[in-house]
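Visitor: Okay, sequence plus prediction incoming.
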Amino acid sequence: TFNLPIENGSGTIFNGQWNKAYLAFGSNIGDRLNFITTAFSLLQANPKVRLVNSSSLFESEPMYFKDQQPFMNGCVEIETTLDPQALLAFCKKIEYEEIKRVKHFDNGPRSIDLDIIMYSNSDGEHVLVNDQNLVIPHPRMLERTFVLEPLCELIAPEMLHPITAEPITHYLSQIYEMDNDENNLWKLIPLPSLQNESHRFLKFKTVTKFDPVHTSVTHRRTVSPTYVMGIFNTTPDSFSDGGVFYQNSKEQILSNVKQMCADALELHDQVIIDIGGCSTRPNSAQPSLDEEIERTIEVIKAIRNCPDLNQEKVLISIDTYRSTVAEKAIETGADIINDISGASFDPRILDVVAANPYVAYVMSHIRGDINTMSKMTHYDTPKEFTTEGTDYIFNEICDTKATHFVRTIGREMSQTYQTALRKGVRRWQIIMDPGLGFAKKGTQNLDLIRQVPLLKNYSFVNSNTGGYTNLRNIPVLIGPSRKKFIGAITKEKVAADRDFATGSLVTACVGFDCDILRVHNIKNCAKSIKIADALYKDV
Ligand SMILES: Nc1nc2ncc(COP(=O)(O)O)nc2c(=O)[nH]1
Ligand SMILES: Nc1nc2ncc(COP(=O)(O)O)nc2c(=O)[nH]1
């Protein structure tokens, strides 16, 4: 081991400065998620370590030694005053003393593995280490998608590998272009376990593949089955279903939910029921907090306690922008917080999400509020656009006029993303929704659907703060159902008449790589989504 202080190539001395390191984690024994979150807590408990950001969670096929369980992998970005050897010693302490890892053989099963991937000093210079017991950068990082994919969520697109001086993102693309399915990963969004059973997850498999028939180009898209989210508005004035559910008794409500679930589960493995107690129709009257609680919490409780529903397959989201409603919904068994306000109406909702790392959070784009958003639909090129920072799409700098709309949405969403991270929300909790009809008018909604693939591959480096946002691997939820922009095209003034048009549009949304569709008529749309999955994803 080193005698401190140690020097790196440029003679910089580590003397208590905050340095940056990227760690890769992996686990493939027992309760993998619990081992990983325990390792996070132990990292954070050390005053010499700060957890800056964590990547998505991925499930990956074992490399090298194949005959073992799939791994759960990811990366974390930390700041630390520990020098590389002290950091390695601390990681080993976490693995072997705290989590009691037992090493059977190289590349074999493990409860937790923490590897130092890269390390840079407080001047931002890469530190290279080549010791018997420690090599930095990690010598095998460039062959591993289970390291590169999560790492590329945390680093700026132009970050070069310290030795080869090639952009790290290029190595990831090169591995995917070999089109070997063993390198493809499943993105996992953890959900609360029911009565301490095994964890449940939303799962998304995204691949980069050459498509010789339809587009004859290599493109990146999700290929796992699309999720259907059924709307259950318990509001008397919801514009799109005339509040048909609100006046009914609890028994009637439950039988409606059971029917929605049956219709969806006929064709899909899971269904999300989105309980809404507060209409977000433009200029609609907002109920009081107590009224919203009264309309929703009992319904969630009834669903969770319903013996006729398969609780593994029925996921519950609460459509609320109020932190108190979110809190009570989570206590009652909600899996997802669906907040149309992007935490702008009640910012405390992010604290609620951060306090529940296994609850998913739908981070939506909006401008203004329910009463002003319809007037805030100008996405023309503001002058300061270029000074604030740099936009990337598919890891390449992008400043074309054609992408201005989606880049503006991306920049505004990245502000919410950065706020969420600062509040302790984990990246793996986040689903994003570009907010159809929320500060978008008419055909802007169609532009937005068309540009979802760009939004899913958007990243932004803020030149003022240096903050870096990458939306890669964050699933897109979209809610086109029965909305006014549909009626304007099909000349259907009554929202409830727009189900057929919604079914067509939902199919196209899957084509534009939307991952979760929020719909009223679940019977129709479950079929549209099933057809779309067969057509676009071959599932
Ligand atoms: N999918 C997957 N496969 C693996 N194979 C070997 C090792 C051993 O890695 P090491 O060389 O860092 O011990 N780790 C993994 C892993 O984390 N994920
Ligand atoms: N995530 C998400 N939630 C939403 N909640 C309500 C409405 C308004 O429509 P409704 O009143 O028909 O539910 N739209 C959305 C949406 O587009 N996305």
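Guide: Done, it's in. Predicted model, so just to flag it, every value in this text is computed and none were measured. Numbers count the residues shown, from 1 in each chain. Ligands and ions are numbered 1, 2, ... in the order given.
Visitor: Next one: the residue in the chain that ligand 2 sits nearest to from Asp83, what distance?
Guide: With C-beta to the nearest ligand atom, the shortest gap between the chain and ligand 2 falls at Gly479, namely 2.5 Å. From N, CA and C alone the C-beta is placed, and that goes for glycine too. Noted for Gly479: a distance of 50 Å to Asp83, by C-beta to C-beta, to the nearest Å.
Visitor: And the two? Which one has more around it.
Guide: The neighbour count for Gly479 versus Asp83, taken as other C-beta atoms under 10 Å, is higher for Gly479 (28 against 24).
Visitor: Excluding covalently adjacent residues, which one is nearest to the more buried one?
Guide: Arg518 (3.8 Å; C-beta to C-beta, 6 or more residues apart in numbering).
Visitor: next SSE after the helix or strand harbouring that neighbour?
Guide: Arg518 belongs to strand 516-519 when assigned by DSSP states H and E. Scanning forward in sequence from strand 516-519 by DSSP H and E, the next helix or strand is helix 522-532.
Visitor: Count the residues that sit near Asp513.
Guide: Quick note: Asp513 (other C-beta under 10 Å) scores 24 neighbours.
Visitor: Verify the stated contact: it with Val476.
Guide: Yes. Shown here, Asp513 and Val476 form a contact pair, counting by C-beta atoms under 8 Å, at 7.1 Å.
Visitor: if I look at these two, which residues touch both of them?
Guide: Jointly contacting Asp513 and Val476 under the rule C-beta atoms under 8 Å, 6 or more residues apart in numbering are 452, 456.
Visitor: For the residue of the chain closest to ligand 2, which residues are in contact?
Guide: Residues in contact with Gly479 (C-beta under 8 Å, 6+ apart) are 433, 436-437, 517-519.
Visitor: Could you list the residues of the chain in contact with ligand 1?
Guide: Within the chain, the positions near ligand 1 by C-beta under 6 Å from any ligand atom are 26, 60-64, 71, 73, 107, 113, 115, 140, 146.
Visitor: Quick one: buried ones out of those?
Guide: The neighbour count (16 or more other C-beta atoms under 10 Å) marks 26, 60-62, 71, 73, 113, 115, 146 as buried among the residues of the chain next to ligand 1.
Visitor: Which ones among those residues lie within helices?
Guide: Taking DSSP state H, the ones among those that sit in helices are Phe146.
Visitor: out of the buried ones among the residues of the chain next to ligand 1, what pair is the most spread apart?
Guide: Among these, the pair separated by the greatest distance (C-beta to C-beta) is Glu61 and Asp115, at 18.0 Å.
Visitor: show me the contacts for the closest residue to Leu114 other than its chain neighbours.
Guide: Leaving out its chain neighbours, the residue that sits closest to Leu114 by C-beta to C-beta, 6+ apart is Cys91, at 4.0 Å. The neighbourhood of Cys91, defined by C-beta under 8 Å, 6+ apart, consists of 23, 114-116.
Visitor: Pull up the gap between Asp123 and Lys93, please.
Guide: From Asp123 to Lys93 the distance is 28 Å (C-beta to C-beta).
Visitor: Just want to know which of the two has more residues nearby.
Guide: Neighbour totals were compared for Asp123 and Lys93, and Lys93 leads with 14 against 9 (other C-beta under 10 Å).
Visitor: Now the more buried one: phi and psi?
Guide: The phi/psi pair for Lys93 (degrees, to the nearest 10) reads phi -60, psi -40.
Visitor: Where does pLDDT dip in the stretch 351-500 of the chain?
Guide: Within the stretch 351-500 of the chain, the segments meeting pLDDT under 70 span 381-386.
Visitor: got the residues of it near ligand 2?
Guide: Contact residues, the stretch 351-500 of the chain versus ligand 2 (C-beta under 6 Å from any ligand atom): 362, 364, 433, 435-436, 477, 479, 482.
Visitor: most surrounded residue in those residues?
Guide: Within those, most neighbours by other C-beta under 10 Å means Gly479, with 28 neighbours.
Visitor: Which ones among the residues of the stretch 351-500 of the chain next to ligand 2 map onto strands?
Guide: 362, 364, 433, 477 (DSSP state E).
Visitor: if we can go back for a sec, wait, which of the contacts of Cys91 is closest to Pro212?
Guide: Nearest to Pro212 among the contacts of Cys91 is Asp115, at 37.1 Å by C-beta to C-beta.
Visitor: Pull up the residues of the chain that are close to ligand 2.
Guide: Within the chain, the positions near ligand 2 by C-beta under 6 Å from any ligand atom are 231, 233, 238-240, 276, 279-281, 319, 338, 340, 362, 364, 433, 435-436, 477, 479, 482, 518.
Visitor: Tabulate the buried ones among the residues of the chain next to ligand 1 in TSV, adding columns for pLDDT and distance to Gln270.
Guide: Formatted as TSV, those follow (pLDDT from 0 to 100; distance: C-beta to C-beta, whole Å):
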residue	pLDDT	distance to Gln270
Gly26	97	26
Ser60	94	22
Glu61	90	23
Pro62	90	26
Phe71	96	23
Asn73	98	23
Asp113	95	30
Asp115	98	33
Phe146	98	25
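Visitor: What number of residues are in the vicinity of Lys523?
Guide: 17.
Visitor: From the rest of the structure, what touches the strand holding Arg518?
Guide: For strand 516-519, contacts defined as C-beta under 8 Å, 6+ apart pick out 202, 226-231, 272, 274, 431, 475-481, 502, 506, 509-510, 525, 529.
Visitor: Where does the prediction get shaky in the chain?
Guide: Scanning the chain for pLDDT under 70 picks out 1-15, 196, 236-248, 381-386.
Visitor: go again using 80 as the cut-off
Guide: For the chain, the stretches flagged by pLDDT under 80 are 1-16, 195-198, 209-218, 235-250, 380-387, 466.
Visitor: remind me, longest helix of it?
Guide: The chain, longest helix under DSSP H: helix 404-422.
Visitor: Could you give me the buried positions within that one?
Guide: Within helix 404-422, the residues scored as buried using 16+ other C-beta under 10 Å are 404-414, 416-421.
Visitor: CA atoms only for it, dumped as PDB, please.
Guide: Written as PDB, here are the backbone C-alpha positions of helix 404-422 (Å, rounded to 0.1, in the frame of the first residue of the first chain):
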ATOM      1  CA  HIS A 404     -35.100  23.000 -31.400                       C
ATOM      2  CA  PHE A 405     -38.500  22.100 -29.900                       C
ATOM      3  CA  VAL A 406     -37.300  18.800 -28.400                       C
ATOM      4  CA  ARG A 407     -34.100  20.400 -27.100                       C
ATOM      5  CA  THR A 408     -36.000  23.100 -25.400                       C
ATOM      6  CA  ILE A 409     -38.200  20.400 -23.700                       C
ATOM      7  CA  GLY A 410     -35.000  18.500 -22.900                       C
ATOM      8  CA  ARG A 411     -33.300  21.500 -21.300                       C
ATOM      9  CA  GLU A 412     -36.400  22.300 -19.200                       C
ATOM     10  CA  MET A 413     -36.700  18.700 -18.100                       C
ATOM     11  CA  SER A 414     -33.100  18.600 -17.200                       C
ATOM     12  CA  GLN A 415     -33.700  21.400 -14.700                       C
ATOM     13  CA  THR A 416     -36.300  19.200 -13.000                       C
ATOM     14  CA  TYR A 417     -33.900  16.200 -13.200                       C
ATOM     15  CA  GLN A 418     -31.100  18.200 -11.500                       C
ATOM     16  CA  THR A 419     -33.400  19.400  -8.800                       C
ATOM     17  CA  ALA A 420     -34.600  15.900  -8.200                       C
ATOM     18  CA  LEU A 421     -31.000  14.600  -7.900                       C
ATOM     19  CA  ARG A 422     -30.200  17.400  -5.400                       C
END
